[in-house]
Structures are given as C-alpha cells and as structure tokens.
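Need a 3D model of the following:
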Amino acid sequence: MKSGFVAILGRPNVGKSTLLNALTSEKVAIVTAKPQTTRNRIIGVVEVPAHKGTSPAAQIVFVDTPGVHKPGSQLDRRMLQEVHEALESRDLVLVLVDATRRIQIGSDPSDVPSATAEKPGAPGKNEKRAHGWASEDEFLFSLVRKLDCPVFLVLTKIDLVRKDQLLPLIESLTHQYNFAQVIPVSARKRDGLDVLVRKIVDLLPTGERYYPKDQYTDQPLRFMVAELIRESILIETGEEVPYAAAVVIEQFEEPEAPARPGKRPLTGIAAAIYCERDGQKAILIGKGGTKLKAIGTGARRKIESLLGTQVYLELRVIVEPGWRESRSFVDSLDWRRQLEELGGEQDNADRSPEEDG
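Residues are numbered from 1 along each chain as shown. The predicted structure is shown next:
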C-alpha cells in the first residue's frame, strides 16, 4: 500500500479546515467564517481503498496548519511554528487559494484577479483588500518556494465562481511556482475531492499505515472538546474577543453509567475561558450571563454529538492580561504538552509512598 503525510497550507480563511472535514467525512477541525480559526496542527487520516488494476490502497495523513500570516504576537509565532513543523515531515503539500478573492505576489506585485472580480465602476472593495494582503500572499509563496517536494495548487470555493473565470487566476498563479498539479475543488459540494485524492495517492511513497485503519485523527478528546467550545465563542462573539480567547479543559470526568436503562451516560466537563481584559470578560459573560449560557449551549450540543453521551458543561471566564504575548502561557495551550503533564500527574498519583522514599 501507499502512505504519507500531506500538509495543507494557505492564507487564513481559505477553507483548509472545511476541506479537511470533507476529506475525512468527520468533524476533525472547527470551522467558522472568522480568519485564524485554526491555531494548531490538526491531523485527519483518510483510508483510500484499492482499485483493481488502477491504484493500491493508501492511507493519507492530512495535516491542517494554521493560516499563514506574518506573526505579530507570541501566539502568532507559535502558530507559524506549527506550520514549519508540519512542513518538516511531509511527502506532499497542498497550497490552498480562495478562488473568490484577489491576491498580490512579488516585490512589484501585479494584481492577480479573483474569479469574481467586481464590475467596472463598483466600489473598490477587492482592490482595497488586495493592497492589505499583498505582503501576506508573498509571505505564503516564499514558504512554498523553499519546498523540495511535490506541491499541488488547490483552488477552493469554486462553487461560488464560474469555471471559465478560473483560467486567468490559474495562469497567474502557475507563473509563481511549478505546481505538480492544479486542482479546483468545492469542499462544500465535494466537487473535485475524488480527483484530489487520486492525484495525491499517485505521488505517495509505498509504506505502512501510520495510524490504525479506523482512526481518523490523532487529537485527544480533551483538545477536541476545548476546540468545540472555542468554536462556539467564535460564532457567538465579534470584534477582538474571539482572538483574545483561549480554552483550557480543567476537568474531564469519564461518563457515569445511567441510573435508568435507555438513558445515555453523563460526561462532566469543566473548562476555563481565558481572555485578556475585563471588558472582554464582560462580553463573554453577557448581561445576566446570557452570552456565556449561549456559548455553553452551542458547545454542549456539539460535544454530545462528538462523545455520544449527555454532557454537563461548566464554564468560567478568567482574565489573563496579555496572554497572547506570554510564551509560557501560549506553550501551555499545546495539547501535546498538556498530555505530557497529565501523564506526569498520573504517574505521581500511581506511585506508592515506598517509591517516594
């Protein structure tokens, strides 16, 4: 069989997480309309059955990365580190570009039109956005040009444009890099996904599975629950609050056996929502606690769907001034580090008094 790691790279809000969820047919990554939703490397595993006479079975390990943007805070730098770590162990890279917007690339950038360019005389909304994105697009392609593996250009959201309008965008982008493949897709309508998977399998090396056949992600449930709570915050709040919010699971109790037959088990979860200012805390709580209740209700429904149990969810809001600039705090949000700490605590709890000395 074939197997390998495929890193998904792109600017914020190009639909990376939506694509990952569509490819795995699971809720692997949270999705919102707000940019910079993804903060960590997120793995989604796809099993591809063999086709007689055409291709062998394969396991594709997709690695969704945070949106590529120039770092302005310690949190941003941590997110960019996640991108670099994903690129260190990859067999192939997908560069996602939103087909509905303009981009600018190069030291003397020429405007690369989107497939939905505005009519002459219309307000220059796209032009204004393109000016702000110019250096960011170049930053993305500067990473791509350093790669020594096959790179696919994947145009996303093509369901929002006419296919004949994609040609100028494709022509402009292929001048920037010699892509191994150019594949237009719509994750929402699953258009082009089979082609994308088939082309990936063609280039993967022969190898063994990295994950069990029935495993679709490497994320622990605690992290997925924290992300679902953060997704609810992103949906329920606006302005700067979503980007100043972090979620830490403080307690995760194993499901209790139901008292009566026919009832679902109950999982108890307590989580802390961190923000940076008292004003943000007030927004998160809302008048009479209404906003926090809405956040909790939305998150609890998604968590119950994930766990298959009833969920008792307790949320509290804590002000941690300037946490996005605190390296130690940002590092503590890494679920891999959280698992190590939990493992150390469990090891200490399991040790007998005699072992302690």
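
what about the nearest residue to residue 27 once chain neighbours are set aside, how many neighbours?
Excluding the flanking residues, the one nearest residue 27 by CB to CB, 6 or more residues apart in numbering is residue 21, at 6.1 Å. For glycine as for every other residue, the C-beta is placed from the backbone atoms N, C-alpha and C. By other CB atoms under 10 Å, 20 other residues sit near residue 21.

residues in contact with residue 21?
Residues near residue 21 by CB atoms under 8 Å, 6 or more residues apart in numbering: 27-29, 31, 44, 187.

mind putting those in JSON lines, neighbour count and secondary structure included?
Below are these laid out as JSON lines (neighbours: other CB atoms under 10 Å; DSSP: H, G, I helix; E, B strand; the rest coil):
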{"residue": "27", "neighbour count": "19", "secondary structure": "coil"}
{"residue": "28", "neighbour count": "24", "secondary structure": "coil"}
{"residue": "29", "neighbour count": "26", "secondary structure": "coil"}
{"residue": "31", "neighbour count": "20", "secondary structure": "coil"}
{"residue": "44", "neighbour count": "26", "secondary structure": "strand"}
{"residue": "187", "neighbour count": "25", "secondary structure": "coil"}
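
nearest to residue 326, of those?
residue 29 (25.1 Å; CB to CB).

Mind jotting down where the helices sit in the stretch 251-357 of the chain?
Per DSSP state H, counting those that start in this stretch, the stretch 251-357 of the chain carries helices over the ranges 278-285, 290-307, 327-332, 335-350.

Make JSON lines out of those helices and add mean pLDDT.
Shown next, in JSON lines, are the helices of the stretch 251-357 of the chain (pLDDT from 0 to 100):
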{"stretch": "helix 278-285", "mean pLDDT": "96"}
{"stretch": "helix 290-307", "mean pLDDT": "96"}
{"stretch": "helix 327-332", "mean pLDDT": "89"}
{"stretch": "helix 335-350", "mean pLDDT": "61"}
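
And the strands in this protein?
2-10, 42-48, 58-64, 92-98, 103-105, 110-112, 151-156, 181-184, 246-256, 266-275, 310-319 (DSSP state E).

how about these, which one is nearest residue 196?
Nearest of the strands of the chain (CB to CB): strand 181-184, 5.1 Å.

Can I get the helices of the stretch 251-357 of the chain in a markdown table including distance to residue 225 and mean neighbour count?
Putting the helices of the stretch 251-357 of the chain into a markdown table (distance: least, CB to CB, whole Å; neighbours: other CB atoms under 10 Å) gives the following:
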| stretch | distance to residue 225 | mean neighbour count |
| --- | --- | --- |
| helix 278-285 | 18 | 17 |
| helix 290-307 | 5 | 18 |
| helix 327-332 | 17 | 14 |
| helix 335-350 | 11 | 11 |
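
of the ones you listed, which approaches residue 200 most closely?
Taking these one by one with CB to CB, helix 335-350 is closest: 25.9 Å.

For the spatially closest residue to residue 26 that is not a sequence neighbour, report the pLDDT, please.
Leaving out its chain neighbours, the residue that sits closest to residue 26 by CB to CB, 6+ apart is residue 216, at 4.9 Å. Confidence at residue 216, expressed as pLDDT, is 93.

any low-confidence regions in this structure?
104-134, 258-260, 338-357 (pLDDT under 70).

Repeat the analysis, applying 80 as the threshold.
Counting by pLDDT under 80, the chain contains low-confidence ranges at 33-36, 52-54, 69-72, 102-137, 163, 239-240, 255-263, 335-357.

Quick check: closest non-adjacent residue to the residue nearest to the spatial centre of the chain.
The C-alpha lying nearest the average C-alpha coordinate of the chain belongs to residue 38 (CA atoms, centre = their mean; 3.8 Å). Spatially, and ignoring its direct neighbours in sequence, residue 38 is nearest to residue 66 (4.9 Å; CB to CB, 6+ apart).

and the gap between the residue nearest to residue 27 and residue 140?
Distance from residue 21 to residue 140, counting by CB to CB, to the nearest Å: 22 Å.

Same check on residue 12?
10 Å.

Residue 225 too?
31 Å.

re the thing from before, residue 238: which of the strands of the chain is closest?
Of all those, strand 266-275 comes closest under CB to CB, at 13.8 Å.
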